[in-house]
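what's the 3D shape of this:
(3 chains)
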Amino acid sequence: MTEAVQQLLDRQEIVDVIHAYCRNVDLVDAAEVAALFTEDCVVDYGPGLGEPTRGAAELEARLARGLPRFAATSHHVSNIEVTFLGDGTSANAITYLYAWHRHPDGRPDAVLWAQYHDRFVRTVDGWKIRERVLKVAGQENFDVEWYPIGRRGTGDS
Amino acid sequence: MTEAVQQLLDRQEIVDVIHAYCRNVDLVDAAEVAALFTEDCVVDYGPGLGEPTRGAAELEARLARGLPRFAATSHHVSNIEVTFLGDGTSANAITYLYAWHRHPDGRPDAVLWAQYHDRFVRTVDGWKIRERVLKVAGQENFDVEWYPIGRRGTGDS
Amino acid sequence: MTEAVQQLLDRQEIVDVIHAYCRNVDLVDAAEVAALFTEDCVVDYGPGLGEPTRGAAELEARLARGLPRFAATSHHVSNIEVTFLGDGTSANAITYLYAWHRHPDGRPDAVLWAQYHDRFVRTVDGWKIRERVLKVAGQENFDVEWYPIGRRGTGDS
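Predicted coordinates:
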C-alpha cells in the first residue's frame, strides 16, 4: 500500500475520533470522551475556563461535572484539515465547530463558532488526541473569555 | 485491494447518498430522494409526525406533500460515522444534521439540531438506505414531538 | 493503483482546497485565498454583489477590500459532492455552506445557508478552483440579491 493510501486510512481514523468526541459529549458520556485522549493529554478550552486540563482522568472528571450543566448540546464539526508530520505517528488537525447549547433555566441558547486545534498521536490503541486547544471565531450568549482564531487586522492574531 | 481500502470506497458511496438526500430534499425533488432508499425501506421521522413511512413509493408521496409546505430549507450534515457490519453488504451510519427551515407565512425560522441513524445495504444499484430514524438533540420553533438522542441524566435515554 | 483509489486521493485534495478557502477567508488572508484559484478563474458571488470577479489577482483585491468589513466570520462547509469529469483533470463540486458574519457596528449577525458550485481543475500546483458560483437557499440580515439554489415550485429554478 502506498503512503498516500495509508494516510487516507489514518485520516479516516482521526476523523472518526473527532466525531466520537462530539457524539459522546452530546450524550454526556465523560468516560467515552476521555478514552479518545492520551493519558498525558493537555486540553485547553480557553482562558475563561480556567487552567488547561492535564490528563485523561482529569478531563473525564471535568466533563462529568461540566456537561450536565446544559440541558442539551449539539456539536457539529466540519472543515477537518489533517496534516501528517512525516514521522507516521503524529498529525495536526484543525476542525471547525458549530456548537449549540441549551440552558436548563430558559436563558437564550448559547452558540459557538469555533475551531479545535489538535495534535493527534498514533498509539497501540489507535489514534488519540494528545493536545486540544479551542479557538473561537464568535459566540452568542456565552459570558466567557476564549482564545481568538487569529483574524488579521483585529489585533487578536 | 485490501478490505480497508474497499471500505474507504464504500464509505464514500454511502456519504454521497447522505449528501444527495439533503440536496434533493432542499430542491423539493421527492422522486430523487426516494430513489436513495430501498423499496422496502422504513423511515421514522419521529412520533410527532405519524407512523413510520414504509416503502420508497410511500416516502416519495409523503415528501411530495410535505416538502412544499416550507418556503425554503437547508439540510447541513456532518459528523458522519459509518460502521460496517462485517458481511460486506450492510452498514450503520450516524449523521449529524443542522436543518434550517423557512416558513412561507413569516413565522420565525424553524431549526433542528439532530441525528440520522441509518441502516445502509448494498444493492445491485449501489448503497441505499433501508432504515432511517431521526433523533433530535434540540429544536427551535417546531411544535412536534421527536425522538431524543439518548442524553444521559435527562431521562430520555 | 486503481482509478477508484486515485479518485479518493484527488477528492481529498479538492476537499482540502475547499477547507483552506474557508479558513483563510475567516483569517482575512486574501492572498492565501486567491492562491487556491487558477489565474483565469471566474468567481460569481451573486447578482447583488456586482459583476463576477475575473482572475485570481482581482479576486485577491476584492477580498482584501471586502473581508475586513466584517468584525468576524465563520464559514462552515459540509455535504461536499465531487463529480469527476472523466478526463482526469477536472471535476465539479457542490458544497453546502453555513456562513456566520458579525458586523462591527452591533447590527444583528448575518447568516447564509448556501452552496458553492465549483469547477476544479488539476494544475501543476495541484487542484485549483477555476469557477465558483454561490447559490443561496436562505439568508438572515443580508440585504443582497443572491442566486437561488433552484428549488422546485418556487419559480426560482
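
what are the bridge partners for the nearest residue to residue A:140 once chain neighbours are set aside, then?
Nearest in space to residue A:140, with sequence neighbours left out and distances taken as Cβ to Cβ, 6 or more residues apart in numbering or on different chains, is residue A:111 at 4.4 Å. Quick note: C-beta positions are derived from backbone N, CA and C, even for glycine. The partner list for residue A:111 in beta bridges (DSSP bridges) reads residue A:100, residue A:140.

wait, residue A:111 touches residue A:102, no?
No. Contact status for residue A:111 versus residue A:102: not in contact, 10.3 Å apart, counting by Cβ atoms under 8 Å.

and residue A:72, how far is that from residue C:136?
In this structure, residue A:72 lies at 29 Å from residue C:136, with Cβ to Cβ, to the nearest Å as the measure.

equivalent analysis for residue A:13, please.
Look at residue A:13 and residue C:136: by Cβ to Cβ, they are 36 Å apart.

neighbour count: those two, which is higher?
Neighbour totals were compared for residue A:13 and residue C:136, and residue C:136 leads with 23 against 12 (other Cβ atoms under 10 Å in any protein chain shown).

surely that one is in a helix?
No. Using DSSP: H, G, I helix; E, B strand; the rest coil, the secondary structure at residue C:136 is strand, not a helix.

got a list of what residue A:85 touches?
Contact criterion Cβ atoms under 8 Å, 6 or more residues apart in numbering or on different chains gives A:91-92 as the residues in contact with residue A:85.

hmm, I was thinking of residue A:26
When the contact criterion is Cβ under 8 Å, 6+ apart, the partners of residue A:26 are A:72-75, B:137, B:149, B:151.

let's go with 10 Å and repeat that
Contacts here follow Cβ atoms under 10 Å, 6 or more residues apart in numbering or on different chains; on that basis residue A:26 touches A:67, A:70, A:72-76, A:99-100, B:79, B:96, B:113, B:115, B:137-138, B:149-151.

any idea of the angle the longest helix along chain A forms with helix C:3-26?
Selection of the longest helix in chain A by residue count, based on DSSP state H, yields helix A:3-26. With axes from the mean of the first three to the mean of the last three Cα atoms, to 10 degrees as the criterion, the two stretches helix A:3-26 and helix C:3-26 enclose an angle of 60 degrees.

please state the offset of helix A:3-26 from the chain centre?
Helix A:3-26 has its C-alpha centroid displaced from the chain centroid by 12 Å (Cα atoms, centre = their mean, to the nearest Å).

again with stretch A:64-79
Between the mean C-alpha point of stretch A:64-79 and the mean C-alpha point of its chain there is a distance of 11 Å (Cα atoms, centre = their mean).

is chain C contacted by it?
Yes. Against chain C, stretch A:64-79 shows contacts by Cβ under 10 Å from any Cβ of the partner chain at A:76-79.

in three-state terms, label the closest residue to chain B within chain A for me.
Chain B sits closest to residue A:74 of chain A, with a gap of 3.6 Å, by Cβ to the nearest Cβ. Under three-state DSSP, the three-state class of residue A:74 is strand.

please, where are all the helices along chain A?
A:3-26, A:30-34, A:56-66.
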